[in-house]
Structures are given as C-alpha cells and as structure tokens.
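K.L.:
Build me a model from this:
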Amino acid sequence: MKTYKQRLLQVKQAQQPDELLQALWNYISFPIRLPNRPHQQELLQKATTFSMPVSDPYFAKDDLNFKGYIWGTGSRKIYLTHGWSSKAADFTELISTLLLLDDVQIIAFDALGNGSSEGELSNLMLYVNPLIAIMEIYGLPEVLIGHSLGAMANVVALKAFDSPPKLLISITPVIELAQNFTGMMNHAEVKPEDQQRWFQDFADYYKYPVSYFDLKTLYTEAPAAKHLLYYDMQDEMLPYAQLEEFLQQHPELETKAFDGAGHYKILRDEALLAAIKDAVEAVS
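P.N.:
Numbers count the residues shown, from 1 in each chain. Below is the predicted model:
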C-alpha cells in the first residue's frame, strides 16, 4: 500500500507531460499486494504448488515465473482467475466450499505482478498468458471461474482453445477496461486532456485502443456451454449500465444479483458460495 500511495503522489506532483505519462503508467499498471490472512495462508499450505515461466513483453520484457496452487486430485477440473490487485488466496472461501464436492481438482494462480508471482507491474494479458499456460499443461477445465478482471481474462484466454468448458462463471466482471482506468485517473485528479493523452499513449504502445478491451466486443461467441454471471447492482466498480448493455446483447446468459455484497466482499458472500457450489455440482 505504501508503494501505491507513492505512485499516486508522483502522478499528482508531476510537472511535465512526459513525467506525467510515465507516472501514470507506473500508477495504473501497479497492483497492490496485500498479505495473506492466517486462514488464507492455512489453505495455501494445503495446496500442491507449482511455478511456471511466461513471457512479459510489456514491462519486464523477459520471462517471469508465476505461482500456482492445486487442491485435490479429482477428475473434475475447476480453474479460478482472480481480479486486479488480488491473488489466488482471495478465493479461500470459494475453494473451501468447492472442495466439499466429490472428485474435484481446483487450480488457482497468482497473475504476474500479483500475490507471490514475479513482476512489479501487470496488465490483462499477464493474467491471460498464465491461464493459457496452465490449460496447455494441465488440460482444459470443466468449470472456469473468474472475478472482476479475471472474468475478462477468462473470455480472452478461451479464444486460444477450440473446446469450451462446460461451465463459465463470471463474478462482478470488468466490462470496459477504460472505465477502470478513468476511475483511477479521476482518483488521482488527472485532467481530462491528460487522461486522453495517456489513452493515446496506451494505444500507441499496445497497438490497440483501450476501447478494444471491452467485454461487449471481446465476447464474440459463447466461450462455454453454459455461462453464469453473478453481480451486485450496487457495485461501485462495475457500473450497472455497462453490465445491462452487455446482458442485453447476450440474453442466453444466466444471471443472479447479490445486491449489497460488494465488488470484493462478494467472494465471501454465503449466498454466492452456495449458488456456485450448486451450479458446479449440477454440471454433467
């Protein structure tokens, strides 16, 4: 948290345009790493751990190792992808719930720049590439679950494979990445014209405008046999207007609201945990 506050202060104190651009990159691309709580650490200690290298062509410009965790040895594979400034351990309550099911194997990982994985800065593709690497080594999952940015990463990663999972579960998914960036820059009191300059720098660097990273665009075909989407209409980080537009485009999705659960706290919501357990148990 200290480093995050320092990067935020650097944005606010930047005097020159180029100085501001660099400060914004360091601020927007920096995930906060919070320590594991005792019950989270206890669950991680029960896992079989692995480490795999994937390329980071964006920041480190080198191969970096990400950390993964496996619980169970069953034939039914369930993979979890966490959100921004998060980690595998933040699924502790969900993992514990899913382990009550028979014949399951659960795999979660820390995206590059998050949790115990290498890297200081991160982006969407540094979530996607580790997930693709896991699926190439351990096989495609029967169930794929993602939270926030992890839900968008799941949709992108599945484009690399022909066989979809039987069930995809998206929890408070990021719909428009630009909205998240705008929120961060507004928090840093960045002027609108400077925000647009950074967005142009983003497009020049990644060769895609930020508008490309929009679930309404990326979700071109059904990535799973069945897709459940869980959300909170009061979620301040997921504007309901964006979600509503996405759902209007895809009426085939099954949705359920958990109002008041919160963007992050929803992962500990007992009603959500029960709903996911029931949905996974029903997969055949």
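K.L.:
Sketch out the low-pLDDT regions of the stretch 1-150 of the chain for me.
P.N.:
Along the stretch 1-150 of the chain, the model assigns pLDDT under 70 to no residue.
K.L.:
which residues in it form strands?
P.N.:
48-56, 62-71, 76-81, 104-110, 143-147 (DSSP state E, counting those that start in this stretch).
K.L.:
how about the ones you listed, which one is nearest L21?
P.N.:
Closest of those to L21 is strand 48-56, at 20.3 Å (criterion: CB to CB). All C-beta spots, glycine's among them, are computed from the backbone N, C-alpha and C.
K.L.:
For the closest one, list every residue counted as buried.
P.N.:
By neighbour count on 16 or more other CB atoms under 10 Å, the buried set for strand 48-56 is F50, M52, V54, D56.
K.L.:
got JSON lines for those, with distance to S85 too?
P.N.:
Putting these into JSON lines (distance: CB to CB, whole Å) gives the following:
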{"residue": "F50", "distance to S85": "23"}
{"residue": "M52", "distance to S85": "22"}
{"residue": "V54", "distance to S85": "19"}
{"residue": "D56", "distance to S85": "17"}
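K.L.:
Out of those residues, flag the one nearest to I95.
P.N.:
Nearest to I95 among the buried residues of strand 48-56 is F50, at 16.0 Å by CB to CB.
K.L.:
you'd agree the closest one is up against F66?
P.N.:
No - judged on CB atoms under 8 Å, F50 makes no contact with F66 at a distance of 9.4 Å.
K.L.:
for the residue nearest in space to the middle of the chain, what are its contacts?
P.N.:
Per CA atoms, centre = their mean, the C-alpha nearest to the average position across the chain is that of G150, at 2.0 Å. Applying CB atoms under 8 Å, 6 or more residues apart in numbering to G150 gives the contacts L80, T81, H82, G83, S86, A111, Y127.
K.L.:
before we move on, what about E245?
P.N.:
Per CB under 8 Å, 6+ apart, neighbours of E245: I175, K216.
K.L.:
does it belong to a helix or a strand, and which?
P.N.:
Using DSSP states H and E, E245 falls within helix 240-249.
K.L.:
Quick check: buried residues in that helix?
P.N.:
Judged by neighbour count (16+ other CB under 10 Å), helix 240-249 contains these buried residues: Q242, L243, F246, L247.
K.L.:
any idea which of these is closest to I171?
P.N.:
Among these, L243 lies closest to I171 (CB to CB), at 12.0 Å.
K.L.:
got a list of what the closest one touches?
P.N.:
P173, I175, Y231.
K.L.:
Mind doing that once more with 10 Å?
P.N.:
Contact partners of L243, counting by CB atoms under 10 Å, 6 or more residues apart in numbering, are 172-173, 175-176, 215-216, 229, 231-233, 235, 255, 257.
K.L.:
Equivalent analysis for F50, please.
P.N.:
F50 neighbours (CB under 10 Å, 6+ apart): N65, F66, K67, G68, Y69, I70, I107, F109, I134, I137, Y138.
K.L.:
The first one - how many residues pack around it?
P.N.:
Spelled out, that is N65. Look at N65: counted by other CB atoms under 10 Å, it has 16 neighbours.
K.L.:
State the distance from E42 to P31.
P.N.:
Distance of E42 to P31, computed by CB to CB, to the nearest Å: 23 Å.
K.L.:
Same question for N180.
P.N.:
From N180 across to P31, the span is 12 Å (CB to CB).
K.L.:
what's the answer for P223, then?
P.N.:
According to CB to CB, P223 stands 25 Å off from P31.
K.L.:
now W25
P.N.:
According to CB to CB, W25 stands 13 Å off from P31.
K.L.:
neighbour-wise, which of these two wins?
P.N.:
Neighbour count, other CB under 10 Å: between W25 and P31, P31 has more, with 24 against 18.
K.L.:
Let me see the contact set for the closest residue in space to that one that isn't next to it in sequence.
P.N.:
Excluding its sequence neighbours, the residue lying closest to P31 (CB to CB, 6 or more residues apart in numbering) is S85, at 4.3 Å. The neighbours of S85, taking CB under 10 Å, 6+ apart as the test, are 4, 30-34, 113-115, 122, 148-149, 264.
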